[in-house]
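I need the structure of the sequence given here:
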Amino acid sequence: MRRAASHLLGAAAAAAVAATVPAALASSGVWRLDADDSLVGRTQAFAASYDDTLLDVARRFGMGISEMQLANPGVDMWLPGDGTTLRLPSRFVLPAGPRSGLVINVPEMRVYYYPKGKPFVHTWPISIGRVGWETPLGKTRIVRKAVRPTWTPPESIREEYAERGEPLPRVVRPGPDNPLGSHALYLGLPEYLIHGTNRPYSIGMRVSHGCVRMYPEHIVELYGLARSGTPVTLVDQGVKAGWAGDELYIEVHPEIDVPAEESRPTMTDAVTSIIAATPEGSPPAKVDWKRVEEALATANGIPVAVGSRQTPRPSVGDSSSG
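Residues are numbered from 1 along each chain as shown. Now for the predicted structure:
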């Protein structure tokens, strides 16, 4: 059974979202930007129905499966249970760096799009390259776009498929068997694309050969927004830090499909992110390092308040009262 967003729990949360950005935008993952803040969105909750799966709920609300699992530990992916309250992790610390074009945070498995000259950010979940076929990092741009793209798989991928007993043709034509889906954005990095998929339930997983996959409905949105020449920045920010007013937040994402001891970012990563998020010349941050440690240990992708701005104390001898 498909249910509307009206089944979200919490009238206050819904009202807050409506006040932030028009409902038509919020429902499609668009949030109004405040130049001084780095926190957007609103964490919400949803009551699962008896026939819901976590995969269904993830797609319905524009989430990837990994971020839904991190936000709802212990919940069965296939049978969450009728009436189970699911946390929807739709609140985000923006990645550090310029707010321009497309910014893809690889460990978070999310893409952010900043339309030029407009005070909004769009964000969608993605899939990335699996271990051994990592999605590259760095700066590039969209060099061309295609509707109903054909796929010319590299020899390395054809060999891999052949070893599995699934031989691939040299050219895969548009249609339901084409893993590029209905739309594709070609990057300046040879053989790397942002594209749709014929396997939508893979979004939020490490499953590709390095390309960035999006839900079919999301690639159509992005295709209509981004133009050839749009800059694309791929970053590795397992810890993001940013401000909302005078409060400092961090958001921690583990690396998926690697040994547990290697999966969580370190305190060094957190310190580096917090320093980068504190503008030069601004009041220093008073950080609760115990909360930072807890956020690193939990690593559930939910923004956590870990500090605040310190108000400078008057210097000795200051006689501002006259």
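
and after the longest strand anywhere in the chain, which helix or strand comes next?
Counting residues, the longest strand found in the chain (DSSP state E) is strand 138-147. Using DSSP states H and E, the next helix or strand after strand 138-147 towards the C-terminus is helix 155-163.

buried stuff in that next one?
Using 16 or more other Cβ atoms under 10 Å as the test for burial, helix 155-163 gives 157, 158. Quick note: C-beta positions are derived from backbone N, CA and C, even for glycine.

what do you get for stretch 197-210?
197, 200, 202, 203, 204, 205, 206, 207, 208, 209, 210.

can you tell me which two in those are farthest apart?
Greatest spatial distance among these (Cβ to Cβ): 200 and 210, at 19.2 Å.

just the strands in the stretch 1-150 of the chain please.
With DSSP state E, counting those that start in this stretch as the criterion, the stretch 1-150 of the chain has strands at 8-9, 30-32, 39-41, 44-47, 85-88, 91-93, 101-105, 110-114, 120-125, 128-129, 138-147.

Ok, which of those strands comes nearest residue 159?
Ranking the strands of the stretch 1-150 of the chain by proximity to residue 159 (Cβ to Cβ) places strand 128-129 first, at 17.3 Å.

what packs against the closest one?
strand 206-208 (3 or more Cβ pairs under 8 Å, 6 or more residues apart in numbering; DSSP states H and E).

Next SSE downstream of the strand it packs on?
strand 212-213.

How about residues contacting that following strand?
The list of residues contacting strand 212-213 from outside it, by Cβ atoms under 8 Å, 6 or more residues apart in numbering, reads 104, 111, 126-128, 135, 181, 192-197, 202-203, 207.

try stretch 143-158
Under Cβ under 8 Å, 6+ apart, the answer for stretch 143-158 is 161, 167-168, 170-174, 178-180, 182-188, 191, 195, 209, 223, 226-228.

buried stuff in that stretch?
Neighbour counts over stretch 143-158 (16+ other Cβ under 10 Å) mark 145, 146, 149, 151, 153, 157, 158 as buried.

And for stretch 169-180?
172, 178, 179, 180.

Kindly report the same for stretch 244-257.
Residues 244, 247, 248, 249, 250, 251, 252, 253, 254, 255, 256 are the ones in stretch 244-257 that count as buried (16+ other Cβ under 10 Å).

Span of it from start to end?
One end of stretch 244-257 sits 32 Å from the other (Cα to Cα, to the nearest Å).

same question, stretch 272-282
End-to-end distance of stretch 272-282 (Cα to Cα): 17 Å.

same check, this time on stretch 124-136
The first and final residues of stretch 124-136 sit 19 Å from each other (Cα to Cα).

Report the mean confidence score over it.
The average pLDDT within stretch 124-136 is 95.

ok, and what's touching that stretch?
So stretch 124-136 is contacted by 29, 58, 62-64, 67, 104, 106, 109-111, 189, 192, 194, 197, 202-215, 218, 221-222, 234, 257-258 (Cβ under 8 Å, 6+ apart).

ok now that stretch, how far from the chain's centre?
12 Å (Cα atoms, centre = their mean, to the nearest Å).

and if you look at stretch 78-92?
Relative to the chain's own centre, stretch 78-92 is displaced by 17 Å; criterion: Cα atoms, centre = their mean.

and what of stretch 296-306?
14 Å.

just stretch 253-271 next, same as before
The chain centre lies 16 Å from the centre of stretch 253-271; the measure is Cα atoms, centre = their mean.
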